[in-house]
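Asker: Predicted structure and sequence below. I'll ask about it afterward.
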Amino acid sequence: MGSFSADQILVKANSCIKKGKIDEACDLYIKVLNTFPENRRAMQGLINSHEALVSKHLKTMWFMRRSGQRETILEQAKILTKKFTHAFSLWNLLGVLFHDSGFLNASIECYEKALKIHPDCAAVHNNMGNTLKDLGDLDNAIKSYGQAIKIKKNNANTYNNLGLALMLKGDLKAAIASYSEAIKISPNNSNLYTNMGNAEVNNLDFNAAEKNYRKALAIMPDDAVANHMLAALTGATPDTASKEFVEQLFDAYAPSFEDALVNKLQYAMPQVLAKMAIEHQSKKSFGSVLDLGCGTGLIGLELRGSTQRLEGIDLSSKMLKQAKSKEIYDRLIQGDIIEFLTSAELDFNYYFAADVFIYIGDLFKIFSLIKDRNKEGGKLIFSTEHSEKSGFFLQQSGRYSHSKSYIQAICEELDYQMVHFSQVDLRKEREKLISGGIYLLEF
């Protein structure tokens with residue numbers, strides 16, 4: 001087939017497009033590309049045709065995703081990409097669906113295919129950044145967001161995502177600058193002011209943070225994060241952090257949680273608590289264990305070989321996905337600790353809570369439920385951020401600290417025996433070590 005006949009075929013393909021015969025046009029474009037794979041007119045025609053053919057499917061599938069039917073449309077999208085290989089919008093959707101399902105490497109592959117077809121699509125670069133961020137590849141995530149912004153400068157969502165990545169990287173000034181750009185574009189988005197406030201808290205600019213939390217609440221009065229952090233900055237001490245605050249916090253940090261906590265902040269509390277428990281254990285096995293606020297399963301890794309049964313509970317679905325992938329728990333439950341302790345059949349020899357009570361102020365109800373509802377006596381092992389003041393306090397960080405005298409008072413009222421208490425370094429924060437307390441109580 002010569003170039004003249006290729007041109008003739010392309011003219012015929014364009015005629016088919018005008019008549020709405022897109023499938024026939026696709027066949028003609030492919031015919032040209034089989035002989036002239038570098039023919040730009042044929043390639044662009046095929047891309048446009050595939051986009052047109054999948055457009056009605058895409059609208060339906062995006063709607064289904066929003067309504068929670070992700071597994072169904074994931075399979076549909078896989079099938080469609082086999083037929084419409086040049087529809088970059090379809091590859092983008094499949095990348096988002098893989099991301100939703102936790103298949104992050106597959107998600108990246110889909111975005112790469114989409115960008116090969118349409119390298120200047122800002123939405124794909126943004127979505128690529130989201131997946132890279134969740135993979136912990138912050139440098140490349142930041143590059144992807146930067147490319148998206150270069151293509152489309154007025155997208156507040158991309159600036160917000162860039163701010164989140166920069167915060168995780170620890171570049172707080174750059175994160176604040178990115179949130180500022182997002183706010184200029186979308187000044188009525190409460191989430192942007194909340195994220196700005198979070199960055200300013202980490203940057204120790206508490207006055208600026210308070211102003212931004214108040215702006216967020218003026219737009220969205222029930223913003224859980226803004227409400228909790230404003231209480232922390234203004235000296236209020238609610239009994240506990242809201243479920244919404246804890247869930248949002250740990251869903252956001254789940255992908256990079258272990259790397260940030262263990263590798264960067266020298267967090268070793270799971271090992272410390274497990275070692276302390278072993279030192280006070282007379283039997284070979286801990287028996288049945290409930291890991292309160294199990295997170296990604298760090299303490300489960302320390303305990304699994306020494307338990308007969310290990311269960312975990314956490315509010316964050318994304319943290320639980322990480323824990324599930326370790327295959328160390330016999331059962332994982334998504335839910336609130338107090339609700340679970342109130343309604344479940346409790347038959348555990350040990351309860352562990354590593355850095356969980358830093359988001360719960362008043363511990364009386366938890367201790368009471370464990371003692372009153374567990375089938376027989378057992379042990380409660382946990383860590384706190386330590387305070388020398390009497391009672392518990394919500395700190396400017398948004399976390400609670402507890403005094404030994406407060407824990408002792410609960411023990412006396414509920415007839416717990418404090419077998420062990422010691423002060424330890426919990427982790428680093430802004431290059432300083434946070435003082436913690438570790439406890440072993442018997443009931």
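Answerer: Sure, I can see it.
Asker: For the closest residue to residue 426 other than its chain neighbours, give me its contacts.
Answerer: Nearest residue to residue 426 in three dimensions, chain neighbours excluded: residue 436, at 3.6 Å (C-beta to C-beta, 6 or more residues apart in numbering). Every residue, glycine included, has its C-beta placed from N, CA and C. Residues counted as contacts of residue 436 (C-beta atoms under 8 Å, 6 or more residues apart in numbering) are 269, 383-386, 423-426.
Asker: Tabulate the residues you listed (TSV), appending secondary structure and neighbour count.
Answerer: Rendered in TSV, the data for the contacts of residue 436 read as follows (DSSP: H, G, I helix; E, B strand; the rest coil; neighbours: other C-beta atoms under 10 Å):
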residue	secondary structure	neighbour count
269	helix	21
383	strand	25
384	strand	28
385	strand	21
386	strand	19
423	strand	12
424	strand	17
425	strand	15
426	strand	25
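Asker: Among those, which one lies nearest to residue 218?
Answerer: residue 385 (31.0 Å; C-beta to C-beta).
Asker: correct me, but that closest one touches residue 400?
Answerer: Yes: Residue 385 sits in contact with residue 400 when judged by C-beta atoms under 8 Å, with a separation of 6.9 Å.
Asker: got any residues that touch both of those two?
Answerer: For the pair residue 385 and residue 400, residues contacting each of them under the criterion C-beta under 8 Å, 6+ apart are residue 358.
Asker: can you list the weak-confidence ranges in this structure?
Answerer: Regions of the chain meeting the criterion pLDDT under 70 cover residues 1-4, 25, 260, 262-266.
Asker: so where do the strands sit in it?
Answerer: Ranges of strands in the chain, per DSSP state E, are 288-292, 309-314, 331-334, 350-353, 379-387, 392-394, 400-403, 417-429, 432-442.
Asker: Report all helices and strands that the fifth one contacts.
Answerer: For strand 379-387, the elements it packs on are helix 269-279, strand 350-353, strand 400-403, strand 417-429, strand 432-442, judged by 3 or more C-beta pairs under 8 Å, 6 or more residues apart in numbering; DSSP states H and E.
Asker: With distance to residue 150 as added columns, please give those in TSV.
Answerer: Rendered in TSV, the data for the helices and strands packed on strand 379-387 read as follows (distance: least, C-beta to C-beta, whole Å):
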stretch	distance to residue 150
helix 269-279	42
strand 350-353	46
strand 400-403	43
strand 417-429	35
strand 432-442	38
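Asker: nearest to residue 192, of these?
Answerer: Of all the helices and strands packed on strand 379-387, the one in closest proximity to residue 192, counting by C-beta to C-beta, is strand 417-429 (25.0 Å).
Asker: what's the angle between the closest one and strand 379-387?
Answerer: Using axes from the mean of the first three to the mean of the last three C-alpha atoms, to 10 degrees, the interaxial angle of strand 417-429 with respect to strand 379-387 works out to 50 degrees.
Asker: show me what contacts residue 134?
Answerer: When contacts are counted by C-beta under 8 Å, 6+ apart, residue 134 is found next to 99, 104, 255-256.
Asker: now do residue 26
Answerer: Shown here is residue 26, whose contacts under the criterion C-beta under 8 Å, 6+ apart are 46, 49-50, 53.
Asker: ok, now with 10 Å
Answerer: For residue 26, the residues meeting the contact criterion (C-beta atoms under 10 Å, 6 or more residues apart in numbering) are 13, 16-17, 45-46, 48-50, 52-53, 83-84, 86.
Asker: May I see the buried residues of stretch 71-82?
Answerer: 73-74, 76-77, 80-81 (16 or more other C-beta atoms under 10 Å).
Asker: same check, this time on stretch 96-103
Answerer: Neighbour-count burial for stretch 96-103, counted by 16+ other C-beta under 10 Å, picks out 96-99, 103.
Asker: quick one: which of these sit in helices?
Answerer: For the buried residues of stretch 96-103, the ones inside helices are 96-99, with DSSP state H as the criterion.
Asker: could you dump those to TSV with distance to residue 390?
Answerer: Formatted as TSV, these follow (distance: C-beta to C-beta, whole Å):
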residue	distance to residue 390
96	51
97	52
98	51
99	47
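Asker: With respect to residue 300, which of the residues you listed is nearest?
Answerer: Within the set of these, residue 99 lies nearest residue 300; the separation is 25.3 Å, counting by C-beta to C-beta.
Asker: For the residue nearest to residue 323 when sequence neighbours are not counted, give me its contacts.
Answerer: In this structure, residue 323 finds its nearest non-sequential neighbour in residue 297, 3.5 Å apart by C-beta to C-beta, 6+ apart. If a contact means C-beta under 10 Å, 6+ apart, then residue 297 has 258, 270, 291, 303-304, 310, 312, 314, 319-320, 322-329, 332 as its contacts.
Asker: And residue 297, its phi and psi?
Answerer: Listed backbone geometry of residue 297 is phi 100, psi 20, with angles given as degrees, to the nearest 10.
Asker: buried sites along the lengthiest helix in the chain?
Answerer: Taking DSSP H as the criterion, the chain has its longest helix at helix 40-66. With burial defined by 16+ other C-beta under 10 Å, the residues of helix 40-66 counted as buried are 42-43, 45-54, 57-58, 61, 65.
Asker: And stretch 290-307, by the same measure?
Answerer: Using 16+ other C-beta under 10 Å as the test for burial, stretch 290-307 gives 290-300, 302-304, 306-307.
Asker: If we only consider those, which is nearest to residue 22?
Answerer: Within the set of these, residue 296 lies nearest residue 22; the separation is 47.5 Å, counting by C-beta to C-beta.
Asker: give me every residue that touches the closest residue to the closest one other than its chain neighbours.
Answerer: Nearest non-adjacent residue to residue 296, counting by C-beta to C-beta, 6+ apart: residue 322, 3.8 Å away. Counting by C-beta under 10 Å, 6+ apart, residue 322 makes contact with 102, 254-255, 257-258, 294-298, 314, 316.
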